[in-house]
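Chemist: Give me coordinates for this.
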Amino acid sequence: MATSLEYPVLPRQSTLSHLPPEYPLDAQDQISELLSTSPSLSRLVVLDDDPTGTQTCHDITVLTVWDVPTLTEEFQQPSRGFFILTNSRAHPPLEAENLIRTICENVLEAAKLTGQTVDIVLRGDSTLRGHFPLEADVAQSVFGPAQATILAPFFFQGGRLTINDVHYVAEGDSLVPAGETQFAQDATFGFKSSNLRDYVREKAPGRFTADQIHSISIEDIRTGGPSVVCERLRRFPKGSVVIVNAAAESDMHVFVAGLLLGMSFPLLSHLPSDLPFTLTTPHHFNHHHHHHSKIPHLHPNTIHLPHRRSLRLHLARHPAPAPLPASHPSLSLPFPRQTGALIIAGSYVPKTTAQLKYLTDKCGPTGTNTLCIIELQVEDIIASAERVQETIGLVVRDVERELLDGRDVLVMTSRRLVRGEDELGSLRIGSRVAEALVGVVAGVQVRPRFVVAKGGITSSDAATKGLNIKRALVVGQAAPGVPLWRCDEATARHPGVPFVVFPGNIKTLDNN
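Modeler: Okay, here's the model as predicted:
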C-alpha cells in the first residue's frame, strides 16, 4: 500500500492546466434526454449521512423521518427522487448499521407498495469521513448485490478533486492530499490514505484485492465522453469498487451521463431487489441525476429578507446574483421582520473555527457590535446533566432577549476540542454537545428571522430535534455550497422560517 508521503502537495493551477481539455460537449443535454426518455430509470433515494448533501440541489424534498406511510406518500409525488436525512455519521457503527437497514427496508416496502423501482445513493463526506463501506454493505444486504460500488468524493464548491485516483483538498493555491489534511485527523473517522484505492483497503482490511478496485480516469471522461464511461462500467466485474476521478463539474456531468446511459441498457435493467450500482458520493451525482440546471444562489432580495445587519455576507462573501424568476419558490418564503437571526455553531474543524473568528471579529464587540455572541463551554456540558440543563436555561433566556431586541445571536461551543479515550468516547462527547445546542434551539420560543446551523451533525440535530422538521423543501443555496431549506409543516417549530445548513468544511472566506 502506498503511503501518503508518496503524494506531494500540488500547485493547483498548473496541475489542472496539464490535464486534458474538458469534454467539449455539454453532457447535461444528454442527461436531460436520458431522464426524459428512458422508461427504465428508477426513483432516486439519497440517504444523506448529514444535511449538507443538498449543497448543490434545489427544489427537492428532504425527509427526516422514514416510516413506511411517509415514504409511500413521497413515492407518490411526481418528482424523480428525494433525500432522507439519516444523520448516520453521528452514530457508532452498530447503531448506524441498524439505522440504515431499517431505512432501506422501509424504502423497499414503500417502493413495492407503489409499484416503483428504486436506486440508492449513499451521500457521504467529500473529505472521506463516514461509515464506508458499512452503509454500502447494508444497502446491498437489503436490495441485493450491486454491480459495483461507485466512490465519487468530488465536490467542486469545496475544492475536493480526485486526480489519478488521489483525492485532494484545495487549500488556497495548493492541492493537499486528503490524508494530509485536518479532516484525516478526525477523532472518529480518521484515515491515512490519500489514494482512494488505498483508502478502500484501509477501511476494509483484507477484503478487496487489487483487481476488485477500478477507476474511471479523467482521460476516460474528457477524451472518451459518456460512451466510454458507459463501456468501462459495463466491463468491470460484479462486486467491484469503482473510483471516479473528477477535477471539474463537467467531469461529473460526463460520468453521470455515462452511468445513466449504462443503466438504460437491458443488461443493467433492474427490479427493486436488484440494484445495479451502489453509489457513495458527496453532492454532484444527486444534482445531475435530477438535472438541476445551474441557477444563481439566493439573496436577501429573492427571499424577502431585509439587508439590515446581514450575517450571511460575513459568513460567506459573494456578489449578489441575478434576480430569479417570479415563479421561483424562494420568493414566497415567509419571515419575521422584527426579530434577530439565530446562528448555531458546533463544528470543531479548524476551518469552522477560522470562519467563526472572522464572523465575530467583524460583527462582535470589536467590530460592528451587531452580533450577540454566547459561548457554551464544553466542559460544563459534559460535567453533569443538572449543570447542562441549568446552562441551557440561561442561554435560552439570553437568546430570547436579544432576538426580541432585533439582534442576531450566535450560540457557539467553546473552540477547544475535547476528545474521549477512544473513537466511541469522542462520538459520545460530540453527541452530548449536539444535544445541548439542540436544547437551546428547542427552548427558544421567540420566532427568529432565520436560523443558521454550522456543521453537519449540528444542523441535522437542529433541524430534526430543535425545529421538529420532518419534511422540508430545499429552496436553493444561500451561497455556493450552502443550502437553504424551508419547512411549512404546522408541526414544525417556527414554520416557514428559512433554515440555512452551513457545512463545517465549506470554503467561503477570503483568507480560508
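Chemist: Tell me the helix or strand right after the lowest-mean-pLDDT helix or strand in the chain.
Modeler: Within the chain, no helix or strand scores below helix 312-315, which has a mean of 34 by mean pLDDT, DSSP states H and E. Under the assignment DSSP states H and E, the closest C-terminal helix or strand after helix 312-315 is strand 342-345.
Chemist: For the next helix or strand after that following strand, which helices and strands make contact with it?
Modeler: Counting by DSSP H and E, the next helix or strand C-terminal to strand 342-345 is helix 350-363. Secondary-structure packing of helix 350-363 (3 or more C-beta pairs under 8 Å, 6 or more residues apart in numbering; DSSP states H and E): helix 312-315, strand 371-376, strand 408-413, strand 451-454. C-beta here means a position set from N, CA and C on the backbone, and glycine is covered the same way.
Chemist: redo that, cut-off 7 Å
Modeler: helix 312-315, strand 371-376 (3 or more C-beta pairs under 7 Å, 6 or more residues apart in numbering; DSSP states H and E).
Chemist: And it, how far out from the chain middle?
Modeler: Relative to the chain's own centre, helix 350-363 is displaced by 21 Å; criterion: C-alpha atoms, centre = their mean, to the nearest Å.
Chemist: ok, and for that helix, which residues are buried?
Modeler: Within helix 350-363, the residues scored as buried using 16 or more other C-beta atoms under 10 Å are 350, 351, 352, 353, 355, 356, 358, 359, 360, 362, 363.
Chemist: show me the contacts for the nearest residue to the last one once chain neighbours are set aside.
Modeler: Okay, so that is residue 363. Spatial nearest neighbour of residue 363, chain neighbours left out: residue 371 (3.7 Å); criterion: C-beta to C-beta, 6 or more residues apart in numbering. By C-beta atoms under 7 Å, 6 or more residues apart in numbering, the residues touching residue 371 are 311, 360, 363, 364, 408, 410.
Chemist: one more time with 10 Å, if that's ok
Modeler: 309, 311, 314, 340-341, 343, 359-360, 362-365, 402, 407-410 (C-beta atoms under 10 Å, 6 or more residues apart in numbering).
Chemist: what ranges do the strands span in the stretch 1-150 of the chain?
Modeler: Per DSSP state E, counting those that start in this stretch, the stretch 1-150 of the chain carries strands over the ranges 10-11, 43-48, 60-63, 81-85, 118-123, 148-151.
Chemist: Please name whichever of these is nearest to residue 378.
Modeler: Residue 378 lies closest to strand 81-85 among the strands of the stretch 1-150 of the chain, at 24.9 Å (C-beta to C-beta).
Chemist: what domains does the record give for this structure?
Modeler: Per the record, the chain has its domains at 4-289, 313-469+479-502, by automatic domain parsing.
Chemist: averaging pLDDT over each of those, which comes out lowest?
Modeler: Per-segment mean pLDDT for those reaches its minimum on domain 313-469+479-502, at a mean of 81.
Chemist: Just give me how far it sits from the chain centre.
Modeler: Using C-alpha atoms, centre = their mean, the offset of domain 313-469+479-502 from its chain centre is 17 Å.
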